[in-house]
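In: Model the following, please.
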Amino acid sequence: MEKDYPNPQPKKHVHKIVKAIREADEYKHVVAVHQLTGLTFDFADEPDIDQFAIQYRGTAQELHNGVVKAWKEAAGRYNLNMSEAAEHGTGAIARRKNWACAMGGAYIMVLGMDIKDTPISGLKDCGRLVSFMESTNFNVMSPHDELAFDGTEYVLALPGDSYIAYSSDLSGNIGLKNLAEGIYNFRWYDPSNGNSFEQKGVKVMGGNRTWKKPANIGSEVAVYIKRVN
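Out: Take a look at the predicted model:
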């Protein structure tokens, strides 16, 4: 669209565009609608629309909270893309906002970020987020911040099976609540530089548990925890 919905496009105009895309697209690409700022999707029950392209703004925490709210409203009917977060920033600020959105259950597009004018460091930050998530089963996880314990800030989880715990500035240890007893593999990751550390076959007692981060991982940390038995 040449303008954000709903100004000046009415819903019937959006429906015509979506229909034209569906008729022309033999590869069944994802079709998204981008709205003016807000978290409630006007096309929630439209079977031909796959994605809510969100426009929102705020700190990393505010973006995360907004995405989690939108995730709950979506209820599996469509996926989320934080496509326009005004004043997103650069460097560590942008990286932490990207992780905050991802840990809320959304894909991320950074307004104004392109290959030509974006510093290499910023592109590498994006690449590290992609590579980490694609090494997990994030696609079957949901936001579960209620499981965060000790220094953990955000949690994505398939409870009882797998977890991603994240902290933008870890104080204390990474922790999770209500963990099932079992054997787990851990993959620790530093989003700022790509350092990683793996621990396999770790026996974990059930309940609320914490773990000290490895020495090569900085204060910004993500860990993928997968039950293997």
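In: How about residues contacting stretch 38-47?
Out: Applying C-beta atoms under 8 Å, 6 or more residues apart in numbering, the set of residues contacting stretch 38-47 from outside is 5-6, 11, 14-15, 18, 33, 35, 49, 52, 54-56, 66, 69-70, 73-74, 77-78. Every residue, glycine included, has its C-beta placed from N, CA and C.
In: which of the residues you listed count as buried?
Out: The neighbour count (16 or more other C-beta atoms under 10 Å) marks 5, 14, 18, 33, 35, 49, 52, 54-56, 66, 70, 74, 78 as buried among the contacts of stretch 38-47.
In: What pLDDT does the model give residue 1?
Out: For residue 1, the model assigns a pLDDT of 40.
In: likewise residue 229?
Out: Note for residue 229: predicted pLDDT of 87.
In: Next, count neighbours for it.
Out: 8 (other C-beta atoms under 10 Å).
In: Run through the residues that contact it.
Out: 182, 183.
In: tell me the domain ranges of the chain?
Out: 11-134, 139-227 (automatic domain parsing).
In: quick one on the thing from earlier: which of the buried ones among the contacts of stretch 38-47 fall within strands?
Out: 33, 52, 54, 55, 56 (DSSP state E).
In: Pick out the most distant pair among those residues.
Out: Maximum pairwise distance in these, criterion C-beta to C-beta, is 14.9 Å, between 33 and 56.
In: sorry, back to before: quickly check the buried ones among the contacts of stretch 38-47 for the two that are furthest apart.
Out: 18 and 66 (24.7 Å).
In: so residue 163 sits in a strand?
Out: Yes - when classified by DSSP: H, G, I helix; E, B strand; the rest coil, residue 163 is found to be part of a strand.
In: partner residues bridging it?
Out: Judged by DSSP bridges, the bridge partners of residue 163 are residue 157, residue 225.
In: Make 19 the first number, not 1, from now on.
Out: All right, first residue 19 from here; so that's residue 181.
In: Report the contact partners of it.
Out: Residue 181 touches 159, 162, 165, 173, 174, 175, 194, 242, 243, 244, counting by C-beta under 8 Å, 6+ apart.
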